[in-house]
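In: Need coordinates for the following:
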Amino acid sequence: MPHKPSQDLGRVTSRKSHGSNSSSSDGGSETQEVHNSPTVGRREEANVLRARCLVALILLLATTGVATAANLLVKQQDRSDFENKFVAYATEIVTVSRARANQFYNALDSFASSIGGQAAAENALMNTSWPFYRIPEWSVQAEKVARLTGVDNPDIGVAHIVQEDERDQWKRFATQQNPLWYQESIESEGYTDFTAQELVNLTVPFIHFYDPENGLQPTPVTRPGESLPLFQAYPVGLFPGNSVMLTNHDSLLTSPQTEEIYQITKATRRPTLVYTRIESDTGATFPGSLIMQPIFNGANTRAYGRKVVAVIIVRLPWLDYFKNVLAEGEDGIVVVVESVCPNNVREDGNGNLPDSFRNIVTYQVDGPNAVMLGDADLHDPQYDALGVSEVFVDLVSDQSELPEGSCVPLVTLHMYPSAQLEGSFQTNNDTIYTVMVIGIFVFTSLVFLLYDFSVGRRQRTVMNRVVQQDRIVSDVFPTAIRDRLYENQAKQKMNRIGVEADDRPSGFDETFYDRSNTIGSAPLADLFPSVTVVFADLVGFTAWSSAREPHQVFILLETIYGAFDKLAFRHSVFKVETVGDCYVAAAGLPEPTDDHAVVACRFARECLKKMKDVTLKLE
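Out: Residues are numbered from 1 along each chain as shown. So this is what the prediction gives:
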C-alpha cells in the first residue's frame, strides 16, 4: 500500500480587470515608498532589533530577580531548619532532664517509704523507736537511688530528728552504730582511703556545729529544740573540703536556708529544695540543689497522723542534669537555669527579690557534654525571640501549705540557641542555587541568541528573495503598474485584517495568495498547500477476483472498505473515493492540520493491520 506524496488540490482562478494608463499621484508615490519591499524590510529589521533589546532586558531582569529570590529562599530555608532544630533540641533537653528529675524524686519518695516501713517493723520487733535506728545495707540502697539521679557522684545522707532531751542518748547510739555502718559501706563501695576505725577516729562523737567564733572548731549543740544530726551518708568518707567526718553534724545549723527548708518539709510533708553551692574535690563550688525528703514513722508516706522522724538530704549539681542528653554533634544550646520564689514574700520595698532568693546560672550543652558559663544570664540577646522556657522543678503545688514568710523556689529552664548552633546550619546552598539559576538563564540566553541568529539568517534569505522578486516585478511590469500592484496589495491587506486571517488554511502562502489577486478578482477555490494523499491498492486483486463469484468480491470489498471508513473517521481522514480495488483518502483537508503526514501514516499503518484481521476472518 504505497504512500504517495502530497499534491496541491484545487485551483485559483482570476478575471482580468481593465485600468487606466495614467501615472501615479503623490499618494501613490508615498504608498510605493511605504510598501516597497526594501523599505518594509528595513523597518522590520529595526522592529526586530528593538524586540531583541527588550528580550535581553527582560532576561537580565528575570535573571537578577530569580537569582535574588533563590538566594533569599535558600537562606530562609537554612534559617527555618536552624530554628526547627533548635526547638527539637530544647524539647529533648527539657524532656530528658525533667524525666530524670521525676524519676529521681519518685525513687527518693520510694526510698523514704521503704526506710519508714523497715524501721517500723524493726522497731516493733526490737522495742526501739526513732531516732535510734540504723538503716541496714545503707550504701546498697543509696547507690540504687544515686543511679537514678543521672549524676555521677551525688551526695546522699540521712539526718535524724533528735529532741533536746535525746542528745546524750544519741551520742551513745551513734558511737555504737558508726563503726558498723562505716564498715558495711566500705565493703559495699570498695572504699580504700580509710579504714572503719580511722573514720571513727575522724568522727566527732556528739551533735555539733562549726562555730565561726571558735575558729570553726566542732562545738556541741546546746540550743533548745530539735537537732538534725547527719548520720549515714553515701558515699562514705570525708566530704570535699573537710578534714573530719560530717557524721553528727547538726544540719539545721549549716545555714539559715537549711533550717528553712526543714521547716517547710515538716509543714508540707513533701520533698523540698533550695539553691546551694556544692564544693568539689578541688575546692571549687558549683550551683545545685539541696533536696530534703521526709521520712515518716511508717511505710505510708504523708498519711494522716504520720510523724516526720528523719529526712534524706541530697545535694545535686545542676550541671549533671544536662550531660548525656543530646547526641554527638548537636552542639551550641545555651541553658539558663533560674531558681526563684514564685510568690512575693521575699520582695523588698521596690518589688525586687534579694539575690539569695533569685539565682541564675548559664550552661552550654554540646552533645553529651555540658559546661557552666557563669552565675548570670549569659545567653546572646539576639536570640531572645527564639527562647524556650519550661518549668523544670515545682515541688510545691499549693503555696498556702508553706509556713508564713517561707519560699520554695521554682526552677525554670530558659533555652536559647547560640551563634555556634546557627553557624552549623549555614551552608553554601544559597550560593550554589544562585549560580545554578544564573547558569540556566545564561544557557537560555545563548539558546535565544542561537535561535535569533538562525532566524536572522532565514529572514535575510527571505529578504533577498523578496528583493529579487521585486526586481523581477520591476523588470516585467512598468513602474506605474508596479505601483498599482503595491497599492492594491496594501488595500487588500487592510480589508482582510480580522476577517480572512482566521479563515485561511494553516501554512497559507501569503505571496501566492496576494499575487493571484493582483487584478482584483476573488478566488474560485481554496488552496490547500499541505496535505497527504493515501492510495491503497489490493495486491493480487485482479487474479483473485477472476476466480471468485461476484458476491464474494462484493463482500470482500464491502468489508475492507467499511473497516477503512471506520478508521478514516477515527483519524479524521477525508475519504476521497474508491475506484475498483483502490481506496483514496487525504489527511489535512477539509480542515488543515500541521501533522497531516503523521495522521496519514498512522491511518495507513492501521489499514494494513485491519486488512490482515479482515482477511483472516473472511477465510
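In: Packing partners of the helix or strand harbouring residue 112?
Out: Using DSSP states H and E, residue 112 falls within helix 37-126. Applying 3 or more C-beta pairs under 8 Å, 6 or more residues apart in numbering; DSSP states H and E, we find helix 37-126 packed against helix 138-149, strand 285-296, strand 308-317, strand 331-340, strand 388-393, strand 410-417, helix 419-423, helix 429-476. The way it works is simple: take the backbone N, C-alpha and C, and place the C-beta from them, glycine included.
In: Run through the residues that contact residue 436.
Out: The neighbourhood of residue 436, defined by C-beta atoms under 8 Å, 6 or more residues apart in numbering, consists of residue 70.
In: What separation do you get for it and residue 551?
Out: Distance, residue 436 to residue 551, using C-beta to C-beta, to the nearest Å: 73 Å.
In: again, but for residue 160
Out: Distance from residue 160 to residue 551, by C-beta to C-beta: 126 Å.
In: Equivalent analysis for residue 579, please.
Out: For residue 579 relative to residue 551 (C-beta to C-beta), the value is 20 Å.
In: Could you tell me which residues within the host helix or strand of residue 176 count as buried?
Out: Element membership for residue 176, per DSSP H and E: helix 167-189. Residues of helix 167-189 classed as buried by neighbour count (16 or more other C-beta atoms under 10 Å): 167, 170-171, 173-174, 177-178, 181-186, 188-189.
In: Same check on stretch 418-427?
Out: Buried-residue list, stretch 418-427, by 16+ other C-beta under 10 Å: 418, 421, 422, 425.
In: export those to JSON lines and tack on distance to residue 331 and pLDDT?
Out: Putting these into JSON lines (distance: C-beta to C-beta, whole Å; pLDDT from 0 to 100) gives the following:
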{"residue": "418", "distance to residue 331": "9", "pLDDT": "90"}
{"residue": "421", "distance to residue 331": "7", "pLDDT": "88"}
{"residue": "422", "distance to residue 331": "11", "pLDDT": "86"}
{"residue": "425", "distance to residue 331": "12", "pLDDT": "80"}
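In: from the residues you listed, which single one is nearest residue 296?
Out: Here the nearest of these to residue 296, counting by C-beta to C-beta, is residue 418; it sits at 46.0 Å.
In: The buried residues of stretch 418-427: which two are farthest apart?
Out: 418 and 425 (11.8 Å).
In: Check the secondary structure at residue 548 for me.
Out: coil (DSSP: H, G, I helix; E, B strand; the rest coil).
In: Angles on the backbone of it, please.
Out: Note on residue 548: its backbone torsions stand at phi -120, psi 160 [degrees, to the nearest 10].
In: Let me know how buried it is, in neighbour terms.
Out: A count of neighbours around residue 548, defined by other C-beta atoms under 10 Å, yields 12.
In: Which residue is the nearest non-sequential neighbour of it?
Out: residue 556 (8.0 Å; C-beta to C-beta, 6 or more residues apart in numbering).
In: Show me what the helix or strand hosting that neighbour is packed up against.
Out: In the assignment (DSSP H and E), residue 556 maps to helix 550-570. Applying 3+ C-beta pairs under 8 Å, 6+ apart, one finds that helix 550-570 makes contact with strand 574-579, strand 582-587, helix 596-618.
In: cutoff 6 Å now
Out: Helices and strands touching helix 550-570, by 3 or more C-beta pairs under 6 Å, 6 or more residues apart in numbering; DSSP states H and E, are helix 596-618.
In: Give the rounded mean pLDDT of the helix it packs on.
Out: What helix 596-618 shows for mean pLDDT is 87.
In: Contacts for it, please.
Out: The set of residues external to helix 596-618 that reach it, using C-beta atoms under 6 Å, 6 or more residues apart in numbering, is 3, 531-532, 534, 536, 559-560, 563-564, 567, 571, 573, 587-588.
In: between it and helix 550-570, how big is the angle?
Out: Orientation check (axes from the mean of the first three to the mean of the last three C-alpha atoms, to 10 degrees): helix 596-618 against helix 550-570 gives 140 degrees.
In: quick check: angle from helix 596-618 to strand 582-587?
Out: 140 degrees.
In: got the buried residues for helix 596-618?
Out: 596, 597, 599, 600, 602, 603, 604, 606, 607, 611, 614.
In: Next up, the contacts around residue 191.
Out: Contacts of residue 191 by C-beta under 6 Å, 6+ apart are residue 236.
In: what do you get for the one 5 residues further on?
Out: With contacts defined as C-beta under 6 Å, 6+ apart, residue 196 is in contact with 179, 182, 183, 186.
In: For the residue nearest to residue 531 when sequence neighbours are not counted, grab the count of nearby residues.
Out: Excluding its sequence neighbours, the residue lying closest to residue 531 (C-beta to C-beta, 6+ apart) is residue 588, at 3.6 Å. The local packing of residue 588 (other C-beta under 10 Å) involves 27 other residues.
In: my read: residue 588 touches residue 534, true?
Out: No - the pair residue 588 and residue 534 fails to qualify as a contact (C-beta atoms under 6 Å) at a distance of 11.0 Å.
In: In space, not sequence, find me the middle residue of this protein.
Out: Nearest to the geometric centre of the chain sits residue 81, at 5.2 Å (C-alpha atoms, centre = their mean).
In: Just to check, that residue is in contact with residue 424?
Out: No - with contact defined as C-beta under 6 Å, residue 81 does not reach residue 424; the gap is 10.1 Å.
In: Overlap of the contact sets of those two?
Out: With C-beta under 6 Å, 6+ apart, residue 81 and residue 424 have no common neighbours.
In: quick one on the thing from earlier: just checking, what packs against the helix holding residue 176?
Out: helix 138-149, helix 196-201.
In: Looking at that helix now, give me its mean pLDDT.
Out: 91.
In: that older thread, ok, the buried residues of helix 167-189 vs residue 86, which is closest?
Out: Once C-beta to C-beta is applied, the member of those that ends up nearest residue 86 is residue 189, at 41.2 Å.
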